[in-house]
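Engineer: how would this look folded up:
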Amino acid sequence: MIGKTLGHYAILARVGSGGMGEVFQARDQRLDRLVAIKVLPAGRDGSDAAARFDREARTIASLTHPNICTLFDVGIHDGQPFLVMELLDGATLADRLRAGALPLPEALRIGGQVARAVAAAHARGIVHRDLKPANVQLTTNGAKVLDFGLAKVLPVSQHGARPLDSRTGFVTAGHTVVGTAPYMSPEQARGDGLDYRTDCWSFGVLLYEMLTGTPLFEGHTPMGVISAVLTQPVDLSRLPAGTPEPVRRALSRLLERSPDRRLGDLTEVAALLDRAGGHGAPHPQPAAAVSPAVPSIVVLPFTNRSAEAENEYFSDGLTEEIIADLSNVGALRVISKTTAMRLKQSDMDLAGIAAQLNVRYAVEGSVRKAGTQLRITAQLVDTATDSTLWSDKFGGTLDDVFDIQERVSRAIVKALQLQLTEREDRRLRAPTTPNGYVYDTYLRARRDIWSFVPERLARAEEELTRALAAVGDHVLLYEGLGTLHWQYINGGISGDRRHLEDAERCARKVLEMDPASATGPMLLGLIAAQSGDGVGWVRHLERAASIAPHDPYVVIWLAYGWTWAGFPQRARPLYERMQAIDPFFDYLLFGLGFERYFAGDFAGALQHYERAYQLSPDHPGLIMGIGQAFGSAGEIERMVRWVDEKAPDPQAHPLFTLSHVFKHALVGDVDAADALLSPDLESKLWSDFQYTHVMAQAQAALGRPKEAVRWLAQSTERGLLNYPFLASRDPLIARIRGDEELESLLDRVRTAWETFEARVGPSAARQV
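Structural biologist: Reported below is the predicted structural model:
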């Protein structure tokens with residue numbers, strides 16, 4: 001095969017082989033990228049093997065998940081069928097296990113990723129039937145489940161036991177058995193009918209081996225192993241002493257020989273492993289679990305000691321700026337500002353907060369502001385010993401706030417005995433020309449900008465414009481104004497396109513005045529997201545993330561860009577990184593909901609959306625998103641109740657109006673839906689990738705294919721290039737499948753999706 005060309009794929013090297021074919025590294029000459037190609041080996045060209053090979057292609061094509069190997073293409077060359085998949089780096093889990101047991105945190109992290117992947121397959125009615133370490137690849141972007149060559153598709157509505165398709169495998173006791181003996185479930189070993197619970201058993205065996213370094217069932221021959229699977233008691237005594245009790249209980253339930261008693265929900269298992277390992281859970285493990293080699297810290301919201309309660313915006317701003325400073329220190333894990341600010345109303349003590357966030361150190365402080373005079377106190381506490389490592393008091397004016405901020409940050413670094421690099425030292429330095437009035441105005445405006453309330457945005461615009469007239473050009477004022485104008489469009493508050501023009505003008509001024517700032521490229525990325533430039537969306541935000549890799553809004557919007565473009569494998573590392581430092585960020589939970597929604601897991605999306613709603617019950621986008629997820633899952637009554645209860649006045653916000661249009665469309669009330677439609681509403685929704693998609697779904701539900709395609713075309717032009725979702729997983733757009741205009745649009749989307757990474761360019765591969 002080496003040197004041959006299959007279609008436009010040039011075979012470069014042999015990677016390996018499996019039961020269903022040989023795998024080669026190849027170059028996609030059309031898109032100039034490396035891929036993996038799986039072909040039927042010589043002598044396996046019979047109709048039975050080809051049929052199973054074709055079945056694997058169809059199975060993988062129906063799955064889009066960050067922990068499942070992505071299928072790019074299928075083809076036949078000179079009668080030889082082949083699959084084209086992403087080329088994965090790293091070794092298999094089987095290779096990794098040759099060195100023994102995995103460290104507990106690593107085993108729990110990988111276990112959670114594998115469980116989510118298999119759960120996603122189950123949600124599509126697919127049973128893997130050959131889950132084992134050799135079919136899990138450990139890559140820089142996480143674990144990837146491979147080889148669906150023995151997979152079985154069950155009716156999605158049933159997921160019940162089905163007769164085993166036993167045309168391959170080995171024969172024992174009159175049955176043909178498919179799979180790999182040490183990882184087979186008892187029912188699989190007996191040749192009985194199987195459902196998704198067989199994978200749950202195999203996952204339990206795999207998790208046990210990761211934790212202990214030894215197979216659960218062994219024997220000198222396949223028959224000997226099968227005998228052990230069927231009769232040998234499951235002994236969990238070899239699990240490491242530090243294995244959390246919930247993990248032990250889950251493993252015991254996964255390894256129940258009776259499928260009826262077995263734990264059969266791998267989504268639940270994944271969540272449990274995440275919580276136990278502190279990977280992306282809202283309730284991480286205690287601080288004692290943190291490696292002492294990586295100091296971890298949370299800056300708690302500084303208390304407002306001013307006589308005026310409204311000065312709280314200033315104490316919050318100081319908290320966030322210190323967090324931003326400390327986040328520049330590479331040797332320190334810092335809880336992000338969005339999660340830290342959630343703790344303002346918490347009644348937990350310091351030890352409880354440290355345990356929740358898996359941190360060792362905490363900063364507490366207070367601010368007293370009277371006019372332009374400031375009085376600030378701060379202290380650093382070691383939560384493990386409940387001792388104060390450093391404390392100090394600072395006084396001055398608004399113009400001194402940047403100097404005070406730098407002094408606090410440097411004192412913390414010194415108390416933790418951290419060594420700053422030259423670049424980190426430079427980033428901690430206070431501005432040489434501080435302006436307290438500008439800073440104060442910026443902080444007040446920023447709070448209004450993120451409120452999504454039109455009146456507050458108008459107030460912020462007035463204050464920022466007045467400050468600009470008073471002091472002249474200032475980078476903070478342009479940052480605030482640029483974000484404000486973008487928010488008018490992003491929040492569906494205005495359809496006036498001048499806001500995007502003004503936002504870009506401000507972004508260009510920021511870049512001109514401070515080329516090293518992440519805000520300029522971030523704003524350009526956000527503007528691109530509302531302007532039909534999906535490639536620019538990702539490019540600009542990758543640039544911003546290279547400058548400010550810990551800014552939660554930069555990272556989340558970059559992850560959104562990859563998610564909506566249909567590349568979950570690019571978004572997942574960003575989400576996972578944020579989960580470790582920002583578990584209470586509502587936008588993160590919204591992003592995780594997007595990820596599950598596009599995978600067709602609407603129940604999983606709802607779980608993330610509802611957690612986000614608990615954090616931000618006034619966010620109109622969350623109310624709309626939850627209604628969309630209910631409707632997509634077919635839970636129409638719950639969708640109606642939700643929209644009516646949470647958005648009782650459809651005119652209170654444009655996204656409430658859209659939620660009611662969506663509701664009326666799904667219950668078939670054409671007149672009620674049409675009564676809410678207007679040119680003004682269309683202008684407010686027209687620029688956004690998400691809102692136009694919801695409207696396209698509503699129009700499809702109303703049986704209006706032309707209108708649905710019109711709105712969907714706008715959504716795809718605004719960044720929704722997720723072809724696998726639109727082509728096979730969107731249950732509402734599916735109502736108009738077969739429409740000539742829709743099929744033409746989907747062909748264009750597929751081309752845009754297939755070429756997206758190449759158009760973004762090599763910077764997309766950079767770890768930011």
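
Engineer: from here on, just use CA atoms for contacts and neighbour counts.
Structural biologist: Will do.

Engineer: tell me which element Ile412 falls in.
Structural biologist: Assigned by DSSP states H and E, Ile412 belongs to helix 401-415.

Engineer: the stretch 451-600 of the chain: strands as residue ranges?
Structural biologist: For the stretch 451-600 of the chain, no strands turn up when DSSP state E, counting those that start in this stretch is the criterion.

Engineer: which residues in it form helices?
Structural biologist: The residue ranges that make up the helices of the stretch 451-600 of the chain, judged by DSSP state H, counting those that start in this stretch, are 454-471, 475-490, 498-513, 519-529, 534-547, 552-565, 568-581, 586-598.

Engineer: any idea of the pLDDT on the residue nearest to Val401 when sequence neighbours are not counted?
Structural biologist: Spatial nearest neighbour of Val401, chain neighbours left out: Gly436 (7.2 Å); criterion: Cα to Cα, 6 or more residues apart in numbering. The model reports Gly436 with a pLDDT of 79.

Engineer: touching, Gly436 and Gly396? I think so.
Structural biologist: No: with contact defined as Cα atoms under 8 Å, Gly436 does not count as touching Gly396 (11.0 Å).

Engineer: name the residues of stretch 698-708 that are buried.
Structural biologist: Residues of stretch 698-708 classed as buried by neighbour count (16 or more other Cα atoms under 10 Å): Ala698, Gln699, Ala700, Ala701, Leu702, Gly703, Pro705, Lys706, Glu707, Ala708.

Engineer: buried deepest among the helices of the stretch 451-600 of the chain, which one?
Structural biologist: Greatest average neighbour count among the helices of the stretch 451-600 of the chain goes to helix 519-529 (a mean of 27), per mean count of other Cα atoms under 10 Å.

Engineer: any residues touching that one, and which ones?
Structural biologist: For helix 519-529, contacts defined as Cα atoms under 8 Å, 6 or more residues apart in numbering pick out 479, 482-483, 486, 500, 503-504, 507-508, 510-511, 534, 536-541, 543-544, 554, 557, 561, 688-689, 718-719.

Engineer: so, low pLDDT: which residues of this structure?
Structural biologist: 17-20, 40-64, 148-179, 278-294, 345-347, 430-434, 762-768 (pLDDT under 70).

Engineer: from the recorded domain assignment, give the ranges for it.
Structural biologist: 5-86, 92-277, 288-434, 435-517, 553-765 (automatic domain parsing).

Engineer: format these as JSON lines; extra columns: distance to Gly525.
Structural biologist: As requested, these are exported to JSON lines (distance: least, Cα to Cα, whole Å):
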{"stretch": "domain 5-86", "distance to Gly525": "23"}
{"stretch": "domain 92-277", "distance to Gly525": "23"}
{"stretch": "domain 288-434", "distance to Gly525": "20"}
{"stretch": "domain 435-517", "distance to Gly525": "10"}
{"stretch": "domain 553-765", "distance to Gly525": "8"}
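
Engineer: and the helices in the stretch 201-350 of the chain, which stretches?
Structural biologist: 222-231, 245-254, 266-277, 312-327, 337-340, 350-357.

Engineer: indicate which one of these is closest to Ser237.
Structural biologist: helix 245-254 (9.9 Å; Cα to Cα).

Engineer: so where does Leu746 fall, helix or strand?
Structural biologist: If you go by DSSP H and E, Leu746 is part of helix 740-760.

Engineer: name the helices or strands packed onto that helix?
Structural biologist: helix 534-547, helix 705-717, helix 723-728 (3 or more Cα pairs under 8 Å, 6 or more residues apart in numbering; DSSP states H and E).

Engineer: keeping just the C-alphas, turn it into CSV.
Structural biologist: Extracted C-alpha coordinates of helix 740-760, given in CSV (Å, rounded to 0.1, in the frame of the first residue of the first chain):
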residue,chain,number,x,y,z
GLU,A,740,-34.4,21.0,-2.8
GLU,A,741,-33.2,24.3,-1.3
LEU,A,742,-32.3,22.7,2.0
GLU,A,743,-30.3,20.0,0.4
SER,A,744,-28.5,22.6,-1.7
LEU,A,745,-27.7,24.6,1.4
LEU,A,746,-26.5,21.5,3.2
ASP,A,747,-24.1,20.7,0.4
ARG,A,748,-22.6,24.2,0.7
VAL,A,749,-22.4,23.8,4.5
ARG,A,750,-20.6,20.5,4.1
THR,A,751,-18.0,22.1,1.8
ALA,A,752,-17.5,25.0,4.3
TRP,A,753,-17.2,22.5,7.2
GLU,A,754,-14.7,20.3,5.4
THR,A,755,-12.4,23.2,4.5
PHE,A,756,-12.8,25.2,7.7
GLU,A,757,-9.7,24.1,9.6
ALA,A,758,-7.6,24.7,6.5
ARG,A,759,-9.0,28.2,6.1
VAL,A,760,-8.4,29.0,9.7
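
Engineer: re earlier: state the number of residues packed around the residue nearest to Val401.
Structural biologist: Neighbourhood size, Gly436 [other Cα atoms under 10 Å]: 16.

Engineer: likewise for Ser387?
Structural biologist: 11.

Engineer: from Asp502, how far off is the spatially closest residue to it that is not a sequence neighbour?
Structural biologist: Leaving aside its sequence neighbours, Ser387 sits nearest to Val381 (Cα to Cα, 6+ apart; 5.7 Å). Per Cα to Cα, to the nearest Å, Val381 is found 45 Å from Asp502.

Engineer: kindly format the C-alpha coordinates of whatever helix or strand comes next after the helix holding Ile412 as PDB.
Structural biologist: Proceeding N to C from helix 401-415, the next assigned helix or strand is helix 422-428, under DSSP H and E. Output of helix 422-428 as PDB, limited to C-alpha atoms (Å, rounded to 0.1, in the frame of the first residue of the first chain):
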ATOM      1  CA  GLU A 422      10.800  38.300  32.800                       C
ATOM      2  CA  ARG A 423       7.500  38.300  30.800                       C
ATOM      3  CA  GLU A 424       5.400  37.600  34.000                       C
ATOM      4  CA  ASP A 425       7.200  40.400  35.800                       C
ATOM      5  CA  ARG A 426       6.500  42.800  32.900                       C
ATOM      6  CA  ARG A 427       2.800  41.900  33.000                       C
ATOM      7  CA  LEU A 428       2.500  42.700  36.700                       C
END
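
Engineer: who are the packing partners of the helix or strand hosting Leu658?
Structural biologist: Element membership for Leu658 (DSSP H and E) is helix 654-666. For helix 654-666, the packing partners by 3+ Cα pairs under 8 Å, 6+ apart come out as helix 620-632, helix 636-646, helix 670-676, helix 679-685, helix 689-701.

Engineer: now do it: distance to the chain's middle.
Structural biologist: Centre-to-centre, helix 654-666 and its host chain are 26 Å apart (Cα atoms, centre = their mean, to the nearest Å).

Engineer: and for that helix, what's in contact with it?
Structural biologist: Under Cα under 8 Å, 6+ apart, the answer for helix 654-666 is 492-493, 620-621, 623-624, 627-628, 631, 636, 639-640, 643, 647, 649-651, 670, 672-674, 676-677, 681, 684-685, 691, 694-695, 697-699, 701-702.

Engineer: how about it: buried residues?
Structural biologist: Buried-residue list, helix 654-666, by 16+ other Cα under 10 Å: 654-666.

Engineer: and what of stretch 371-379?
Structural biologist: Result for stretch 371-379 [16+ other Cα under 10 Å]: buried residues Leu374, Arg375, Ile376, Thr377, Ala378, Gln379.
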